[in-house]
Structure formats: C-alpha cells, structure tokens
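Peer 1: What shape does this take:
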Amino acid sequence: RAARRDRPAPGLSDVTAVGTALSDVTDATLAAALRAARASQPAPAGLRFAVIGMGRLGGYESNYLSDADVLFVYDPPAGGNESAASAAAHAIAEELRRLLGVPAPDPPLGVDADLRPEGRQGPLVRSLAAYAQYYARWSRVWEAQALLRARFVCGDADLGAEFEAMIDPVRYPAEGLTREQVVEIRRIKARVETERLPRGADPATHTKLGRGGLADVEWAVQLVQLRHAGANPALRGTRTLDALAAAAEAGLVDPADAAEMAAGWSLAAQVRNALMLVRGRAGDQLPRHGVELAGVVRLLGRDDPGEFLDEYLRTARRSRAAAERVLDA
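Peer 2: Down below sits the predicted model:
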C-alpha cells in the first residue's frame, strides 16, 4: 500500500496515458463500426479493407473530443472487377461514417478523412495501388509530413502492414530533405500559424497553435524525422515525445532543447484536456483569469492560478525558443 501511495496513478496529468487510452477506445470503436458496416454492405468475396489512423489518433495523442483522422484503403480480389470493388469499398466507408454519426447516448465520433490525397476533392477511398501511384508521382512534402503519424487501426491487418511498408519510403526519405523542401515546411508552418490562429486568440496561451504549444513542437519534431529517419530507424515512430527523445539520444536535437519542448508539449496537452473537462466542450485557449482558469488549475492539482499562469507562459516561451532552434538548424 505504501508503494502504491508513493506512485501516483495515471490521470489527467499523464498525457501519454490519457492519449493512449483515448486512442485505444477510438480504435475499438472504429473496429466495431467497420465490422457492422461490412456485415451490412455487399462486397466481392476477397475484398480487403483497412482503416489507417492519422493525426492525433495515429500518434496515440487523442484528447477528449478528438475526431478520428483516418485514411481508407482497399485491395480488390485477384482477378475481380475493379469497379465493383471500388464501389463496395466506398459503400463500406460511407456506412462506417454514418454509423458513428447517428444520434446515441454517447457523443458521435467524427471520422475525418481530409488528410487523404487531394483532400476533400479526392476520392474517399483508394486502392493500395492507387495510393502507391499517387505518393510516388504527385505527393508533396506536407503529405509526407502527415504520413509520419500513419498507422494501421483496424480491418485487414496484412493490408494495413502493406500500406505502412508502401509509405515508409515517402515519410522516411532515404536522402532526407532538400533545402527547398525544408524552406517549404518552414513557409507552410508560418502560414498555418498566421491563418489558422482564431481571430482574437492570445498566441501566448493558445495550447494548439500558440507559441511553444503543440504545433510548434510537433512541426519541429516532424522536420527532424523527415530529415533523418531514413538513416535512423529509431526516429520512425508516430508518437511526438518518443520521436523527440530518439532525436535527442541520436544527437540530432540538443538534450536541453528536447527537454524544453517536451515540457511545453506536455503542459499544453494537459491544459487542453483540462479545458474540455471544465467547459464541457473543446477549447484551446487558456484564459488569463476567471473561473475557467481556476478550474483548470484545480484539475491539474495546482493551487494558485496566478502562479500556474506564470508557469505556463515561462514553459511555453522556452519551448518556443527550443522549437525555433530546431526548425532553423
């Protein structure tokens, strides 16, 4: 008993445990919906279908109101009719999304496939061969960046493994990045930071897109992965903190900078989860005063809102500086 008292149980402040647990629940929910969808939709015998997790789901970093970012991939049966297989795969994907959006006692699970090739303009489902053709011929560096978090979630496990093997040369380029690609990533990040931060948001305390928050650290880590994971397999993981630790161990990121970024990312994730529990809805902005700040502080086991706000600002400032050093290296 004494040993258990000395070791705090995983809770809200353990963002790794929370993110993994919520991602596991989402995986199971998608798997159940896929089984139901396949049972209700006619399909050619031998049609293989898999769901690939992307974004925070792929990185085991889901929060309490995360959508499920996914890609849908199928493989037609040998010698079968390609058009029939494609139509059946689309019907399965649409039914999966419908099932998870119908009214129920629990909130709906949004299934977001916008990270697919060509975004909303592209087909909802592609065959493994079509994905391979697209990534080989037309993909851009930001798409390779998005694939860093791709992992098999449910469906045909062999197809999921084949998809991961197919995208590995894209997301872990053997020769790293060209100078032009590095400049492009920096340019896109600057544009996202300018255009996606909500109007009126405080960039010093916005947990997702603010200075030193989630996006700052993730972009820095992902740039390191794109540049070096082709030669260093230890960087080939979908979890931000694991990849950051591997980069520091490999001497690719200064250990002090890695520690500052890990602290900034972890605190921003903790606050983001706490904001949802306090408000009952998603939120990224840590307020500088008021009952919501007090609620966040209480949930995170702190006492003084003013001291906590100072800690957040200090941690985020150091995280931002470290991320900029990595991005500019």
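Peer 1: I'd like to know how many residues surround residue 202.
Peer 2: Applying other C-beta atoms under 10 Å, we find 14 residues neighbouring residue 202. Backbone N, C-alpha and C define where each C-beta goes, glycine included.
Peer 1: please begin residue numbering at 484 from this point
Peer 2: Let's use 484 as the start, then, which means that last one is residue 685.
Peer 1: and it, backbone torsions?
Peer 2: When read as degrees, to the nearest 10, the backbone of residue 685 gives phi -90, psi 110.
Peer 1: Can you list phi and psi of the spatially closest residue to it that is not a sequence neighbour for me?
Peer 2: Taking C-beta to C-beta, 6 or more residues apart in numbering, and ignoring the residues beside it in sequence, residue 685 has residue 768 as its nearest neighbour in space, at 6.5 Å. For residue 768, the backbone dihedrals (degrees, to the nearest 10) come out as phi -100, psi 120.
Peer 1: Residue 768 reaches residue 691, doesn't it?
Peer 2: No: taking contacts as C-beta atoms under 8 Å, residue 768 lies outside contact range of residue 691: 9.0 Å.
Peer 1: who touches the residue nearest to residue 685 in this structure?
Peer 2: Contact analysis of residue 768 by C-beta atoms under 8 Å, 6 or more residues apart in numbering lists 681, 684-685, 688-690, 758.
Peer 1: beta partners of it?
Peer 2: Beta-bridge partners of residue 768, counted by DSSP bridges, are residue 689.
Peer 1: Which helix or which strand is home to residue 637?
Peer 2: Applying DSSP states H and E as the criterion places residue 637 in strand 634-638.
Peer 1: Quick one: distance of that strand to the chain centre.
Peer 2: 14 Å (C-alpha atoms, centre = their mean, to the nearest Å).
Peer 1: helix, strand or coil for residue 534?
Peer 2: Residue 534 carries the three-state label strand when classified by DSSP: H, G, I helix; E, B strand; the rest coil.
Peer 1: Repeat that for residue 772.
Peer 2: For residue 772, the assignment made with three-state DSSP gives coil.
Peer 1: Quick check: nearest residue in space to residue 578, chain neighbours excluded?
Peer 2: For residue 578, ignoring the flanking residues on the chain, the nearest one in space by C-beta to C-beta, 6+ apart is residue 520 at 4.0 Å.
Peer 1: wait, that neighbour sits on residue 573?
Peer 2: No: with contact defined as C-beta under 8 Å, residue 520 does not reach residue 573; the gap is 11.3 Å.
Peer 1: Counting neighbours around each, name which of these two comes out higher.
Peer 2: Between residue 520 and residue 573, residue 520 has the larger neighbour count (other C-beta under 10 Å), namely 21 against 16.
Peer 1: Report the separation between that one and residue 776.
Peer 2: Residue 520 sits 43 Å away from residue 776, taking C-beta to C-beta, to the nearest Å as the criterion.
Peer 1: which residues does residue 688 contact?
Peer 2: With contact taken as C-beta under 8 Å, 6+ apart, residue 688 is in contact with 768-771, 792, 795-796, 799.
Peer 1: Kindly apply the preceding question to residue 560 instead.
Peer 2: Shown in contact with residue 560 (C-beta under 8 Å, 6+ apart): 527-530, 568.
Peer 1: State the phi and psi torsions of the residue nearest to residue 578.
Peer 2: Summarising the backbone geometry of residue 520 under the convention degrees, to the nearest 10, its torsions are phi -60, psi -40.
Peer 1: one step back: between residue 768 and residue 691, what contacts are shared?
Peer 2: With C-beta under 8 Å, 6+ apart, residue 768 and residue 691 have no common neighbours.
Peer 1: separation between residue 551 and residue 739?
Peer 2: When distances are taken as C-beta to C-beta, residue 551 and residue 739 turn out to be 36 Å apart.
Peer 1: When these two are compared, which one has more neighbours?
Peer 2: Set residue 551 next to residue 739 and count neighbours by other C-beta under 10 Å: residue 551 wins out with 26 against 12.
Peer 1: Settle this for me: that one is touching residue 539, isn't it.
Peer 2: No: Residue 551 lies out of contact with residue 539 (C-beta under 8 Å); the separation is 9.2 Å.
Peer 1: can you confirm residue 513 is in a strand?
Peer 2: No: applying three-state DSSP, one finds residue 513 to be helix, outside a strand.
Peer 1: can you pull the contacts of it?
Peer 2: When the contact criterion is C-beta under 8 Å, 6+ apart, the partners of residue 513 are 534, 551, 553, 579, 583, 592, 594, 636-637.
Peer 1: Helices of the stretch 484-633 of the chain, residue ranges please.
Peer 2: 485-489, 498-523, 538-541, 565-584, 611-620, 624-630 (DSSP state H, counting those that start in this stretch).
Peer 1: which element is residue 759 on?
Peer 2: With secondary structure defined by DSSP H and E, residue 759 is part of helix 738-762.
Peer 1: Kindly provide the whole-number mean pLDDT of that helix.
Peer 2: The average pLDDT within helix 738-762 is 96.
Peer 1: Equivalent analysis for stretch 595-607, please.
Peer 2: Along stretch 595-607, the predicted local confidence has a mean pLDDT of 94.
Peer 1: Going by neighbour count, which residues in that stretch are buried?
Peer 2: The neighbour-count criterion (16 or more other C-beta atoms under 10 Å) identifies 596, 598-600, 606 as the buried residues of stretch 595-607.
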